[in-house]
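Engineer: Okay, sequence plus prediction incoming.
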Amino acid sequence: MSTDFTEAHDELRTVARDLLGKAPVRGSVVGVDWPSFAESGWLGLEVPEELDGAGATFAEVAVILREMGRAATLSPYLGTAVLGVGTLRALRAYAGRDELLRAAAAGLVRIAVALPTGDAAAAPAGEPIAPPYRVAPSAGAYHLSGRADFVPDAVDADQLLLLAADPGGEPVVVAVEPGHPGLAVAGQPVLDATRRFGTVTADGLVVDEGAVWRFPPATETGAGGAAGVRRLLDRGALAVACDSLGGAEAMLGRTVAYAGARQQFGRPIGSFQAVKHACADMAVQVAVGQELLEAAVTAVAAADPGAGVAVSRAKSYVCAAAVEIAGQAMQLHGGIGYAWESGVHVYLKRAALGRSLFGAPSAHRARIAARFV
Amino acid sequence: MSTDFTEAHDELRTVARDLLGKAPVRGSVVGVDWPSFAESGWLGLEVPEELDGAGATFAEVAVILREMGRAATLSPYLGTAVLGVGTLRALRAYAGRDELLRAAAAGLVRIAVALPTGDAAAAPAGEPIAPPYRVAPSAGAYHLSGRADFVPDAVDADQLLLLAADPGGEPVVVAVEPGHPGLAVAGQPVLDATRRFGTVTADGLVVDEGAVWRFPPATETGAGGAAGVRRLLDRGALAVACDSLGGAEAMLGRTVAYAGARQQFGRPIGSFQAVKHACADMAVQVAVGQELLEAAVTAVAAADPGAGVAVSRAKSYVCAAAVEIAGQAMQLHGGIGYAWESGVHVYLKRAALGRSLFGAPSAHRARIAARFV
Amino acid sequence: MGGVGAMTSSVADLDDLRATVRAWCRANIPAGWRAAQTGVPDEQYVAFQQEWFQQLRSAGYAVPHWPAEWGGGMSAAEQIVLYQELAAHDAPRLVLAFVSIHHAASTLLAAGTDEQRKRHLPAILDGEIWVQGFSEPEAGSDLASLRTTARAEGESFVVNGQKLWASGARYADWCLLLARTDPDAPKRRGISYFLMDMRTPGIDVRPIRNAVGESHFCEIFLNDVVIPAANLIGPRDAGWRVAQETLGAERGMTMLELAERLGNAGFRWLVEACSRPGPGGTRPIDDALVQDRLAALETEIVGLQALCRGLVERHDAGTVGPAEASIVKLYYSELLQRVMDFGVEIAGLAAHTQLTKAQSSGWESGAWVLDFIGSWEWTIPGGTSEIQRTIIGERGLGLPREPVAGG
Amino acid sequence: MGGVGAMTSSVADLDDLRATVRAWCRANIPAGWRAAQTGVPDEQYVAFQQEWFQQLRSAGYAVPHWPAEWGGGMSAAEQIVLYQELAAHDAPRLVLAFVSIHHAASTLLAAGTDEQRKRHLPAILDGEIWVQGFSEPEAGSDLASLRTTARAEGESFVVNGQKLWASGARYADWCLLLARTDPDAPKRRGISYFLMDMRTPGIDVRPIRNAVGESHFCEIFLNDVVIPAANLIGPRDAGWRVAQETLGAERGMTMLELAERLGNAGFRWLVEACSRPGPGGTRPIDDALVQDRLAALETEIVGLQALCRGLVERHDAGTVGPAEASIVKLYYSELLQRVMDFGVEIAGLAAHTQLTKAQSSGWESGAWVLDFIGSWEWTIPGGTSEIQRTIIGERGLGLPREPVAGG
């Protein structure tokens, strides 16, 4: 990576850490108000400059995601900037699509994308990924049915993008707004109070052809709908890994600070090897996780054909490590760590949920291993 | 377990530890001379009293095995007393069989039993276990062919018992002596210099009917050849677990002694938490392993129908733990542990081989898990 | 060979007892109590606990470990049977009375005066609730550095200070209190042990919310609280010794109960979670990887159960080793954490939608994420896992102690 | 932005270099060297090592990390390419010359006089072999407590003592020696650093057999060994500082090479072992459990490789963190152990019949049991894993040091 890039990222990181660190705390949950978001320019990082975006790449989005993980921020960034913008950019250039991208970059619209967010998101190459909805033309319109669970940021979204299979099995994206007849969006509360999910059910939903958007046709370089869907799911998985690494870094930092200050038996607990070596192991995990994450981010930003495996490596390693690190943080904080007030539980819950979101470590490892057999 | 039993075991253990501790060291290998063995009475522990044995059970054999593991003894005990006597006792009461049992108890004959000693030994219930040989009647005699690898104590054996399938698929045992035409026994040197294995090949081997011994017929209580073979393999697996636990205890003891004496940074290294806590973890593993082992030994000695699962629990846990513990012993001994002279490598190699012998931990866990599905 | 009745129960007697307890469980355990106790307000939880305690008491099952003269009298072998059956039938746990029937009772029996015993043991059977007032903000793992003071004034002591992590203090009638009576003595000396009436003026109890969102832990602020000298338990300034001697007294049977619960309801939930088809229709349990983990965890749980039974038997026989309780506590708590962690993994995204767990259950409620986080309540309090490893290394294996800081 | 040429190699240049090295490897790596070097006597091993070293030297690949004026001059990026290709083509390792080209050279370059450099650097290129004389029986992890003394006598020092774990001392021409020149100074003070000619009278080298049965480690007994004062390297009594400054100098590139070897031959052997049908005809790799482990190990190896590349780049840029070398060493050594342990498991009973391994290979010879046991040569020497964790905690994370024993 060139020095210029590194410096630009450092700057972005500093700004993000500053803003997210100042974000209001609701209960134990840190949120960012929408106007700050719109102003930040983070929503349109990947939106092309001609659509008033920053024309940047996933590498910059990754910086924001990691800082949000560090601060355990509650925000609709995953739905809008990662999945929403990512989905729209993966589609053919429809007029409506471009309008949406422009609105998203400006913070005028919040998007949620209904796609598989469980282990199905990590299906090995060759195993088809079934969209959660089916769409079929009928009497000049399109009929949509299906249901997706754990759709990130679905409840507050102004725009829903539903991943559906057309009668030929090709994946398409159907754009609908909440309130559309036949569409039901319901909140799905989770223990991790820093994330919002919903179920999105389509039953008897009818849209016109203009709302059914397609991926570019397959070319020799391997694009096409199926590849597009995979890339979207990889974005989701990698976004969670970025978030988890940020959280792990926060937990390591807090634990080291606590262990250096907290006195027991007449010395700081961090001077005991049991604590010191546990922190060292956490530091090793963070270091390895960071390398795997950077490799995956670079691959995804460059649309590298090997990006999928790199994502699975980062997702499986980082998200498993993040749970262990948050758990160790709770352990090494002693009673304080188990108290609600310390906020360690916020990171443990967020890491635990992140471990399952867009594919559990074992699912991603199965995808990696499929290459060996 | 009653107090009487416990006391008898304590006495047996003390005698064994004393004798095995005094055994001559050849290179780094501790052996026991055959006359001492014959005298000890350990060979005939499970031989009925009417055949000049002790009429004891596997529980007493287990005490000896654990002490041999502790001393890393090189001996043909596994071949003769565990597998040999066990096989003979599992068969119908042929005259030749009883003579062999009597001779084995008196130390007049060394036995090797050729049966599956790899992962096949841990096949889940319901999956048939294929004997390594096939036997078929032909012109008034029996023709035997097949080959077994890693047959414990095959090379020095005076008597071989080959597990074969008859034309109906029923397991039988064929008794032959080394030198029999068509029989080839070849040493199979292994890195663990405290164990002896051989390959036993039967090619064009002819025996008369008197050498073909059968298991008792199946009854309502579930005996029969297949069950008999399973019990034999369970004896083998459990014998290795006993051995591994003894080795783990020795390694824990040595490491604790070393850590209490060795000074670095002006204090015994055992006062550092990194060393102390590692020893504590070893102690926990030994404690858990001991419980699992005792449960399995009790079940096998009582021919409990649940013995197989208990054996698989003990084998998988203890043999995996023994490798970890020997490895930690090497680590905590520092440079000394890596030196040949310390003998730690002897335990590590023995534990590593024991882990694979009569079924790897994963094979035994698969057998345990078959009950859940 | 101590322990009254330890070796007297024949196998046949134990089989009879097992049948009796089994029948009692079937007749008495409230059907569907888990669902009914999920997310209930505190008053309902307390009422349910008190009611269940009295039900067990009528059967003679509430305090089996107490001496016969006070209402107990079961041998270790009998208690093992009792706790196995209660776990096998998924009985509610005695959470509220835990400190009362274990810590308070064993302290009273070991160090109390006859008057103190008569005052409190029957009261505990009638539902008197106790809390332990040991930890302080600056005295967690290093309990001996506690700062709460008890100043002698005539026939009384005047107590000032702050206690932390006092579980159930909100509902408690009495407190087992450690306080410093000689500020000049070295750390472990000069601490005395008191029975403190929680209705005494000057006591302020404030709940602390824990990581799973419950508030059973409390802070206790003590401001000129007057405790009569008659409520000193054991000799003055010898409180540390008394507390140490009675602290682990109940550990064996408690751990046995928890191990049996982990091996029954706990492992059953896990196998059920693995057997439930996922979103794609496949069952986790058909995956060799999941089978391997299940087999490993079952093996470890069986090992834990055997370890606990052995501990109880050896405790009864007076042959228990110096670090056995620490081995069991360390192993249970870390195994519990691994089991729950695996449950969280297996149950996947859906696991995170279980926002409440059944009150009165243990750490195996089936609400995986809450149980996972709740498992730190075992690896941290009562001596962290790090402290347990040190105890095992030093007392169990005889390894040298760390040099004391500053000399 | 230190490091000559660090950022100067363009991607195209590097691609060219890769092609060149690749072609060289195909033409020069002796076919079947592993089989030929399995179980050979020492003389053959030494001859093979010297020959291979000269072959690499002619290509300019033996000491790429040295300054150009001495025969090196590759940028970090170029070295990464070189080591990746050597590993990918399974080249023999430079085992015998390891201390010479890394520790000796970096010490000479950092602290040597011009005369010392001129005397030794070209000689090393011609095959001069060096050994490190640091550890002692009572100074292992606690190296600063070494007891070997060097007494000044006129223009010389007279050395007495004993060194341990001196790898390759039997073949060595010269020794990097640490000895105490001021017996009254505190531990780390008063140590000096010498270049010792191994042919000096009074040196007795005795091989120590290690756990895998090899004897490359030696004891060195020093009995009134006279070293000219001119062979002091760095200032007198400042040997500890010099040794510390140069000790980890080579770590980055060494670890990179080892990481690449683990990721190439090492992981390839593992996949091959998993793909070989077992006695029952089934292949381990068809088991979901084995696939999961392989994926996890490959992931960790890829992480290690990236970590090593990053370390090398940051080293070149002068931005390497204080504990990065320790993180890499700890992680590599423990990962190596896990990989080999898994190999032992997978290869089963047959693994134990491989009684010898290929000399000149690294710790990934395919002889699983020997490689597994050999992996402790990474977790113990050069600072045990325990020491590395302490360094990471203290220097990397800034955690407080342990109080020193006795004050």
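Structural biologist: Nice, thanks for sending it over. This structure is a prediction, so every number in the text was calculated from the model and none was measured.
Engineer: Pretty sure A:Phe150 sits in a helix.
Structural biologist: No. Assigned with DSSP: H, G, I helix; E, B strand; the rest coil, A:Phe150 falls outside any helix and is strand.
Engineer: my guess is it meets A:Leu357, correct?
Structural biologist: Yes. Counting by C-beta atoms under 8 Å, A:Phe150 touches A:Leu357, with 7.3 Å between them. From N, CA and C alone the C-beta is placed, and that goes for glycine too.
Engineer: quick one: the helices in the stretch 251-373 of chain A?
Structural biologist: Counting by DSSP state H, counting those that start in this stretch, the stretch 251-373 of chain A has helices at residues A:273-301, A:307-332, A:335-338, A:344-356, A:361-369.
Engineer: In terms of pLDDT, where does the nearest residue to C:Phe217 once chain neighbours are set aside sit?
Structural biologist: Leaving aside its sequence neighbours, C:Phe217 sits nearest to C:Ile208 (C-beta to C-beta, 6 or more residues apart in numbering or on different chains; 4.7 Å). At C:Ile208, the model reports a pLDDT of 94.
Engineer: One more: the one 10 residues further on?
Structural biologist: C:Cys218 carries a pLDDT value of 95.
Engineer: Just checking: what are the partner strands of the host helix or strand of it?
Structural biologist: Assigning secondary structure by DSSP states H and E places C:Cys218 in strand C:217-228. With DSSP bridges as the test, strand C:217-228 is paired with strand C:156-163 (antiparallel), strand C:203-208 (antiparallel).
Engineer: Go ahead and measure how far the shortest one is from the middle of the chain.
Structural biologist: Spelled out, it's strand C:203-208. Mean-position distance between strand C:203-208 and its chain equals 21 Å (C-alpha atoms, centre = their mean, to the nearest Å).
Engineer: Assign C:Ala152 to helix, strand or coil.
Structural biologist: Judged by three-state DSSP, the three-state class of C:Ala152 is strand.
Engineer: Just list whatever residues bridge to it.
Structural biologist: Counting by DSSP bridges, C:Ala152 forms beta bridges with C:Phe157.
Engineer: ok, now how distant is it from D:Tyr45?
Structural biologist: 81 Å (C-beta to C-beta, to the nearest Å).
Engineer: Would you confirm that C:Ala88 contacts C:Asn264?
Structural biologist: Yes. Using C-beta under 8 Å, C:Ala88 is in contact with C:Asn264, at 5.2 Å.
Engineer: gap between stretch C:372-387 and the chain center?
Structural biologist: Put simply, stretch C:372-387 sits 12 Å off its chain's centre (C-alpha atoms, centre = their mean).
Engineer: any bit of that stretch sitting next to chain B?
Structural biologist: Yes. Judged by C-beta under 8 Å from any C-beta of the partner chain, stretch C:372-387 comes into contact with chain B through C:Glu386.
Engineer: quick one: terminal-to-terminal distance for that stretch?
Structural biologist: Start-to-end span of stretch C:372-387 (C-alpha to C-alpha, to the nearest Å) is 21 Å.
Engineer: need the contact list for the residue lying closest to A:Pro128 once chain neighbours are set aside.
Structural biologist: What sits nearest to A:Pro128 in space, not counting adjacent residues and going by C-beta to C-beta, 6+ apart, is A:Ala226, at 7.0 Å. Residues near A:Ala226 by C-beta atoms under 8 Å, 6 or more residues apart in numbering or on different chains: A:Pro128, A:Ile129, A:Pro171.
Engineer: residues contacting the residue nearest to C:Phe217?
Structural biologist: Applying C-beta under 8 Å, 6+ apart to C:Ile208 gives the contacts A:Ala339, A:Trp340, A:Glu341, C:Leu164, C:Trp165, C:Ser215, C:Phe217, C:Cys218, C:Glu219.
Engineer: Could you break chain A into its assigned domains?
Structural biologist: For chain A, automatic domain parsing gives the domain ranges A:3-109, A:114-214, A:221-372.
Engineer: neighbours around C:Val11, how many?
Structural biologist: Using other C-beta atoms under 10 Å in any protein chain shown, C:Val11 has 8 other residues around it.
Engineer: which stretches of the chain have low pLDDT?
Structural biologist: As the question left the chain open, I've gone with chain A. Counting by pLDDT under 70, the ranges of chain A that qualify are A:1-4, A:24-30, A:220-223.
Engineer: wrong chain, I was asking about chain C
Structural biologist: For chain C, the stretches with pLDDT under 70 are C:1-9, C:248-250, C:404-407.
Engineer: domain parsing for it?
Structural biologist: For chain C, automatic domain parsing gives the domain ranges C:11-92, C:128-236, C:254-396.
Engineer: Could you give the number of residues near A:Arg231?
Structural biologist: Around A:Arg231 there are 21 other residues, counting by other C-beta under 10 Å.
Engineer: Just the closest residue of the stretch 101-250 of chain A to chain D, please.
Structural biologist: For the stretch 101-250 of chain A, the residue closest to chain D is A:Pro124, as judged by C-beta to the nearest C-beta, at 10.1 Å.
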